[in-house]
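S.K.: quick one: sequence and predicted model below, then my questions.
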Amino acid sequence: MNPLPPLAPWQQRAFEQACAAITGGHFGHATLIVGPARIGKRLLAETLAKRVLCRMPGADGAACGRCKSCQLWASRAQLETPEVRPDGSPSHPWGRSAHPDLYCIGHGLHPKTGKPRSEIVIDQIRALSDALTLTAQLGGAQVAIIDPASAVNWSAWNAVLKTLEEPQPGRFLWLLADNPARLPATIRSRCQRLDLRLPPRDEALDWLRQQGHPASDAEAALDAARGHPGLAAAWLGDGGMALRRAVLADAQALEHARAEPDAVAKRWLAEGRAEERLWHLAELARSRTADLTEPAAARTLMGRFDAANRARDLLRTQVLAELAIHEALLAWRETTVRR
């Protein structure tokens, strides 16, 4: 049985583009797979890896499902860390695949704490480079996927660069990135690029309805997610829309001095999903600028937008989370926006 769910239409377009490049003999050694978080980059990469590793792919570019490689894929072991698929369901955990010629590099476990690392470290990349120098065990291709590429630390990038500069026939390295600008220019310049773009609104709504979401809910979530169907599906499945309404209520309470930033920051940390709350806070500020004509008010809202996004970035560092959130919330108390 194939453990991979079917591709969404926007994923299928990118997959067919890649398959055409493979068939035409111009699919490069290194590819940067780019798209917003939760748009389905990992599912695309897994499906494409299955195709590349298949020994008897069909004329349509799909894996045969019968060869030794496909059989190994179907029976592969559970991997390490989960991801939410575009439909909001968890994917297979991420880590070392049961397939001998597929290498998946993500947030490894720290040997002392047993918890996931915040970065992809040089030892992981060196081990990957060593593995890619070996002959493919099934006699075909080898595929290495690094996700998220933005987690690779600067020391490890030097090891990645060495792999990119010494391509081997039949060896593929794919980097998955939400924001490729965060990757070193020396890396980006050596990679082909495969983009997963947001689909047209009608296509996104149709896909959301096929996932079982009522039309009115799908429209509200898609509008809130700015046309991102994967994000909308996740919110519809995990209470994200209710969380959005709660963030709006907190922002209004801060604006009218009915709440204090430090108290709200502590509560957000205690209740969880702080980064998602900050995303909603930033989007609230952005959406309010649409009907503003006063430059000072627009600057205030953009300041709030920037503060929330800055706090989201800080949550990925060693900065105290409560302090980062507090600074973002403080921007909603310092000035009042007049329309």
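M.R.: Happy to help now that I have it.

S.K.: grab the longest helix from this structure for me.
M.R.: Longest helix in the chain, counting residues (DSSP state H): helix 295-314.

S.K.: hmm, who's touching that one?
M.R.: By CB atoms under 8 Å, 6 or more residues apart in numbering, the residues outside helix 295-314 that reach it are 275, 278-279, 281-282, 285-286, 288-289, 292, 321, 324-325, 327-328, 330-332, 335, 337-339. From N, CA and C alone the C-beta is placed, and that goes for glycine too.

S.K.: what's the answer for stretch 110-121, then?
M.R.: Contacts for stretch 110-121 (CB under 8 Å, 6+ apart): 81, 105-109, 146, 151-153, 155-156, 316.

S.K.: could you redo the last one with a cut-off of 10 Å?
M.R.: Contact with stretch 110-121 is made by 80-81, 105-109, 123-124, 128, 146-157, 159-160, 316-318, as judged by CB atoms under 10 Å, 6 or more residues apart in numbering.

S.K.: just say helix, strand or coil for A144.
M.R.: Secondary structure assignment for A144 (DSSP: H, G, I helix; E, B strand; the rest coil): strand.

S.K.: need the contact list for the closest residue to it other than its chain neighbours.
M.R.: With CB to CB, 6 or more residues apart in numbering as the criterion, A144 has its nearest non-adjacent residue at 4.3 Å, and that residue is Y103. Listed by CB under 10 Å, 6+ apart, the contact set of Y103 reads 49, 95-97, 124, 127-128, 131-132, 142-146, 173.

S.K.: can you give the distance of the longest helix of the chain from its chain's centre?
M.R.: Put simply, helix 295-314 sits 23 Å off its chain's centre (CA atoms, centre = their mean, to the nearest Å).

S.K.: which helices and strands sit right next to the helix or strand that contains A232?
M.R.: If you go by DSSP states H and E, A232 is part of helix 229-238. Using 3 or more CB pairs under 10 Å, 6 or more residues apart in numbering; DSSP states H and E as the contact test, the elements touching helix 229-238 are helix 9-23, helix 201-210, helix 215-224, helix 240-255, helix 274-288.

S.K.: and the ones you listed, which is most packed in?
M.R.: Most buried of these by mean neighbour count (mean count of other CB atoms under 10 Å) is helix 274-288; its value is a mean of 21.

S.K.: looking at it now, give me its mean pLDDT.
M.R.: For helix 274-288, mean pLDDT is 91.

S.K.: for L53, which non-adjacent residue is closest in space?
M.R.: The nearest residue in space to L53 (CB to CB, 6+ apart) is S69, at 4.7 Å.

S.K.: number of nearby residues for the one you found?
M.R.: 26 (other CB atoms under 10 Å).

S.K.: surely the residue nearest to A144 is within a strand?
M.R.: Yes. Using three-state DSSP, the assignment for Y103 is a strand.

S.K.: poorly predicted segments of this structure, please.
M.R.: Along the chain, segments meeting pLDDT under 70 span 1-3, 75-98, 318, 334-339.

S.K.: now do the domain split for it, please.
M.R.: Following automatic domain parsing, one finds the domains of the chain at 9-195, 239-334.

S.K.: and the longest one, end to end?
M.R.: So the one you mean is domain 9-195. 13 Å (CA to CA, to the nearest Å).

S.K.: what angle separates the longest helix of the chain from helix 240-255?
M.R.: Here helix 295-314 runs at an angle of 120 degrees relative to helix 240-255 (axes from the mean of the first three to the mean of the last three CA atoms, to 10 degrees).

S.K.: the following helix or strand past helix 295-314: which residues count as buried?
M.R.: Per DSSP H and E, the first helix or strand lying C-terminal to helix 295-314 is helix 321-334. For helix 321-334, burial by neighbour count (16 or more other CB atoms under 10 Å) applies to 321, 324-333.

S.K.: tell me the angle helix 321-334 makes with helix 240-255.
M.R.: Using the same axes, to 10 degrees: helix 321-334 against helix 240-255 is 60 degrees.

S.K.: helix 321-334 - contacts with which helices or strands?
M.R.: Judged by 3+ CB pairs under 10 Å, 6+ apart, the packing partners of helix 321-334 are helix 240-255, helix 261-271, helix 274-288, helix 295-314.

S.K.: and L183, what does it touch?
M.R.: So L183 contacts 32, 34, 149-150, 152, 157, 160, 175, 177, 191 (CB under 10 Å, 6+ apart).

S.K.: what about these, which are in strands?
M.R.: 32, 34, 175, 177 (DSSP state E).

S.K.: name whatever forms a beta bridge with the second one.
M.R.: So that's V34. Counting by DSSP bridges, V34 is bridged to A177, D195.

S.K.: and it, how many neighbours does it have?
M.R.: Counted with other CB under 10 Å, V34 comes out at 23.

S.K.: if I pick it, what's in contact with it?
M.R.: 14, 41, 149, 175-180, 183, 188, 191, 193-197.

S.K.: about what we covered before: state the distance from the residue nearest to A144 to N153.
M.R.: According to CB to CB, to the nearest Å, Y103 stands 18 Å off from N153.
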